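> can you look at this prediction? I've put the sequence above it.
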Amino acid sequence: MITSAISLSGTATMSASAHLSIHQVSKVYFGKRDWLSRATRKATLDYVALEDINLEIEPNTFVSIIGPSGCGKSTLLNIIAGLSQPTTGTVMIGGVPISSPGPDRGVVFQNYALMPWMTVLENIRFAIATVHPKLSAARQTAIAQEYIELVGLRGAEQRHPHELSGGMKQRVGIARALAIDPQILLMDEPFGALDALTRGFLQDEVERIWEQQRKTVILITHSIEEALLLSDKIVMMTRGPEAKIAKILDVPFPRPRHRESLDQHPAYHSLKAEMELHLSRETRAVEESRIRRTVAVES
Amino acid sequence: MNNSAIPVAAMPAKKFNLNTNQKAFLLFLLILGMVLLVWEVGARMGWFSQLMPSASATLKDFWWWISNPFFDYGPNDRGIGWLLLTSLRRVLLGFAIGSAIAIPLGILIGLSEVVSRAVDPFIQILKPVSPLAWLPLGLGLLKNSESTALFVIAITSIWPTLINTKFGVSHVDQSYLDVTRTLGASRWRTLTKVILPAAAPYIVSGLRISIGIAWLVIVAAEILVGGSGIGYFVWNEWNNLKITSIITAILVIGVMGLLLDRLFGLLQTWVSFGQRL
């Protein structure tokens, strides 16, 4: 895997990060059309979630995918993670097509997905031991400790998830995803379930961590500010069904970034306005189509 | 009478500001006192059957049994502690056999949809059958009353554990499984490190129901099979027309059942890690 990765210029990376290529990916959820479903009036139509997605992501870039709810952002991330198969098209990492999940991609889940019966340390060590079973136990613990320190959870190693706040849980989630040293980090609305203050704090933390470990990151988000603070590129998607990529924005702000001074950059307000316009237009269209559909069902 | 009773009862509550627990405890004592009073007066006045002993006689006999639980003057004259231990040994042994069948089978049918559907008709038909219906079959097959008791308890213990294990294993949070898939964990590692710990609260809750039913059934099984144990004691004392011993046995059986249930309740908390079932 590492040999196939594109060589890097002198950035401070931990491991090689690879080029991610999404080529003509579409995802169709096939409806039930068999005679039994038809007879019982339970037949459903095919649902085209994603249509013809093409995206090239350079190594070591932070990419956010933003779009109205139900636009298939998470579907796209699951396809990249290998948890879901595309109906057509391919996803390639460093030129190799992927067909299943693998430890070259670390995933941060929206609901944290920590094992409740494992402590913070055990959750992270579980990931390391699964990916590197030949490593000695002491080495596995040492790596886990290293990532616990990276996300600022030192002192909470022996606690169980139910004793942690939402923000702390997601830090464990991030540490677990990073601890296997993946080429690509996938984050599916990682801060969606957190309150605004904790969310802002964790965004700053991710910015800080990313300065240390410049991996390729794909972040699914609803938040314009979050995307602007963290990303090099922002992928805006249209509403579903048949969601497509509407536009890709370059975020030119210098790093390291700070939320207080970010809006002083000349491009900030125009980028933000463009995203707001796109999102409000798509969201309005989604709402209108929902209203029309309800009326159609009722009449 | 009522009019004067209410203010008297309500006044100390206002004065000392009793909390809910204290109020409940007082009410508990009140109900207990009323029951004992009606029982005592009723027995002395001959309101009940001739056989019914008075509350004081029953308490005296209860204390006699409880204060000396471990005497042994032959098979029909043993202390209540021995009787209880005999029944407990049977229940735990039968329960262990039943669980040793139910948990692996539950894991298997929880993991495989095909096996689950194939085995489901057997479970659905056998589950609602009273465990005592198996007793003659056990006697016929095993030709031994001790083994028959274990057999009945084992059959009893299977169903709740089996069904709960199957549910727990097949309803593991999808995100835990997604984590193991993204890490590339083997099926065995996924089963032992994720599926079983995730299902543990359900399995223990099944065990808890199973041991409760097993404890219910042992009394009936021992009455029918005879020989020894607390159930046999109940039937023996009925033949001796010693109602006080029967009431003592009922209380002791109840306390033991409560202890078993609490024990598994603790185990449940221990494997749950803050998860709610």
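It's in.
> so which bits of the stretch 101-250 of chain B are right by chain A?
B:173, B:175-176, B:178-185, B:189, B:193-194, B:197-198, B:200 (C-beta under 8 Å from any C-beta of the partner chain). C-betas here are computed from N, CA, C, even on glycine.
> one more pass at 6 Å, please.
Contact residues (C-beta under 6 Å from any C-beta of the partner chain) of the stretch 101-250 of chain B with chain A: B:175, B:178-179, B:181-185, B:197.
> got a markdown table for these, with secondary structure and pLDDT too?
Output for those, formatted as a markdown table (DSSP: H, G, I helix; E, B strand; the rest coil; pLDDT from 0 to 100):
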| residue | secondary structure | pLDDT |
| --- | --- | --- |
| B:S175 | helix | 93 |
| B:D178 | helix | 94 |
| B:V179 | helix | 94 |
| B:R181 | helix | 93 |
| B:T182 | helix | 93 |
| B:L183 | helix | 93 |
| B:G184 | coil | 91 |
| B:A185 | coil | 92 |
| B:P197 | helix | 95 |
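> farthest pair within those residues?
B:G184 and B:P197 (19.3 Å; C-beta to C-beta).
> from the contact counts, what lies against the helix or strand hosting A:A138?
Taking DSSP states H and E as the criterion, A:A138 maps to helix A:137-150. The contact analysis (3 or more C-beta pairs under 6 Å, 6 or more residues apart in numbering or on different chains; DSSP states H and E) places helix A:137-150 against helix A:120-131, helix A:166-179.
> in the stretch 101-250 of chain A, what residue is nearest chain B?
A:H162 (2.8 Å; C-beta to the nearest C-beta).
> so that residue makes contact with B:Q275?
No: A:H162 lies out of contact with B:Q275 (C-beta atoms under 6 Å); the separation is 7.6 Å.
> more crowded one of the two?
B:Q275 (15 against 12; other C-beta atoms under 10 Å in any protein chain shown).
> dump the residue contacts of the closest residue in space to the more buried one that isn't next to it in sequence.
For B:Q275, ignoring the flanking residues on the chain, the nearest one in space by C-beta to C-beta, 6 or more residues apart in numbering or on different chains is A:P116 at 5.4 Å. Neighbour list for A:P116: A:161, B:273, B:275 [criterion: C-beta atoms under 6 Å, 6 or more residues apart in numbering or on different chains].
> show me which of the residues you listed is closest to A:S280.
For the contacts of A:P116, the nearest to A:S280 is A:P161 (36.7 Å; C-beta to C-beta).
> A:A113 is in contact with the closest one, correct?
No: in this structure, A:P161 is not within contact of A:A113 by C-beta under 6 Å, at 9.8 Å.
> list the contacts of stretch B:61-78.
Outside stretch B:61-78, the residues touching it (C-beta under 6 Å, 6+ apart) are B:79-81, B:244, B:248.
> count of residues packed around A:P241?
Applying other C-beta under 10 Å, we find 17 residues neighbouring A:P241.
> which element, helix or strand, includes it?
Per DSSP H and E, there is no helix or strand for A:P241.
> that one touches A:D46, doesn't it?
No: if you go by C-beta under 6 Å, A:P241 and A:D46 don't touch, sitting 9.4 Å apart.
> any chance of the helices and strands packed on helix A:137-150 in a markdown table, plus mean pLDDT, mean neighbour count and distance to A:A246?
Converted to a markdown table, the helices and strands packed on helix A:137-150 look like this (pLDDT from 0 to 100; neighbours: other C-beta atoms under 10 Å in any protein chain shown; distance: least, C-beta to C-beta, whole Å):
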| stretch | mean pLDDT | mean neighbour count | distance to A:A246 |
| --- | --- | --- | --- |
| helix A:120-131 | 95 | 24 | 35 |
| helix A:166-179 | 92 | 24 | 28 |
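> dump these to a markdown table, plus distance to A:G102.
Listed next are the helices and strands packed on helix A:137-150 as a markdown table, based on distance: least, C-beta to C-beta, whole Å:
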| stretch | distance to A:G102 |
| --- | --- |
| helix A:120-131 | 9 |
| helix A:166-179 | 13 |
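> in JSON lines: those helices, plus distance to chain B.
What follows is the helices and strands packed on helix A:137-150, written out as JSON lines (distance: least, C-beta to the nearest C-beta, whole Å):
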{"stretch": "helix A:120-131", "distance to chain B": "4"}
{"stretch": "helix A:166-179", "distance to chain B": "8"}
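> so for B:S205, which of these sits nearest?
Judging these by C-beta to C-beta, what sits closest to B:S205 is helix A:120-131, at 23.8 Å.
> now do that closest one and helix A:137-150, the angle between them.
Direction vectors for helix A:120-131 and helix A:137-150, defined by axes from the mean of the first three to the mean of the last three C-alpha atoms, to 10 degrees, enclose an angle of 120 degrees.
> can you dump the C-alpha atoms of helix A:120-131 in CSV for me?
Taking C-alpha atoms only, helix A:120-131 is exported to CSV below (Å, rounded to 0.1, in the frame of the first residue of the first chain):
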residue,chain,number,x,y,z
VAL,A,120,-10.6,4.7,26.5
LEU,A,121,-7.2,3.0,26.3
GLU,A,122,-8.8,-0.4,25.4
ASN,A,123,-10.9,1.2,22.6
ILE,A,124,-7.8,2.6,21.0
ARG,A,125,-5.7,-0.4,21.6
PHE,A,126,-8.4,-2.6,20.2
ALA,A,127,-8.0,-0.8,16.9
ILE,A,128,-4.2,-1.0,17.0
ALA,A,129,-4.2,-4.7,18.0
THR,A,130,-6.7,-5.5,15.2
VAL,A,131,-4.6,-3.8,12.5
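> give the closest residue to the residue of chain B found nearest chain A in space, chain neighbours not counted.
Taking C-beta to the nearest C-beta, chain A has its nearest neighbour within chain B at B:G274, 2.8 Å off. Nearest-residue entry for B:G274: A:H162, 2.8 Å, with adjacent residues in sequence omitted and distances by C-beta to C-beta, 6+ apart.
> over to that neighbour. Which of the three states is it?
helix (DSSP: H, G, I helix; E, B strand; the rest coil).
> quick check: it vs B:D77, distance?
53 Å (C-beta to C-beta, to the nearest Å).
> what does B:I243 give?
Applying C-beta to C-beta to B:I243 and B:D77 gives a distance of 18 Å.
> for A:M92, same thing?
84 Å.
> longest helix in chain A, by number of residues?
helix A:268-298 (DSSP state H).
> enumerate the positions of it that are buried.
Using 16 or more other C-beta atoms under 10 Å in any protein chain shown as the test for burial, helix A:268-298 gives A:268, A:271-272, A:275, A:278-279, A:282, A:286.
> and which of the residues you listed is nearest chain B?
A:V286 (25.8 Å).
> low-confidence stretches in chain B?
Residue ranges of chain B with pLDDT under 70: B:1-16, B:276-277.
> hang on, the earlier thing: neighbour count added to the residues of the stretch 101-250 of chain B next to chain A, as JSON lines?
Formatted as JSON lines, those follow (neighbours: other C-beta atoms under 10 Å in any protein chain shown):
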{"residue": "B:S175", "neighbour count": "14"}
{"residue": "B:D178", "neighbour count": "17"}
{"residue": "B:V179", "neighbour count": "27"}
{"residue": "B:R181", "neighbour count": "18"}
{"residue": "B:T182", "neighbour count": "28"}
{"residue": "B:L183", "neighbour count": "23"}
{"residue": "B:G184", "neighbour count": "16"}
{"residue": "B:A185", "neighbour count": "23"}
{"residue": "B:P197", "neighbour count": "17"}
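> name the nearest of the residues you listed relative to A:A127.
For these, the nearest to A:A127 is B:L183 (5.5 Å; C-beta to C-beta).
> still on that earlier bit, now do the helix holding A:A138: everything it contacts.
A:121, A:124-125, A:128-129, A:154, A:157, A:175, A:178-179.
> now the strands for chain A?
For chain A, the strands defined by DSSP state E cover A:20-29, A:47-57, A:62-66, A:88-93, A:96-97, A:105-108, A:184-188, A:216-221, A:233-237, A:245-250.
> between those, which one is closest to B:K127.
Of all the strands of chain A, strand A:20-29 comes closest under C-beta to C-beta, at 36.7 Å.
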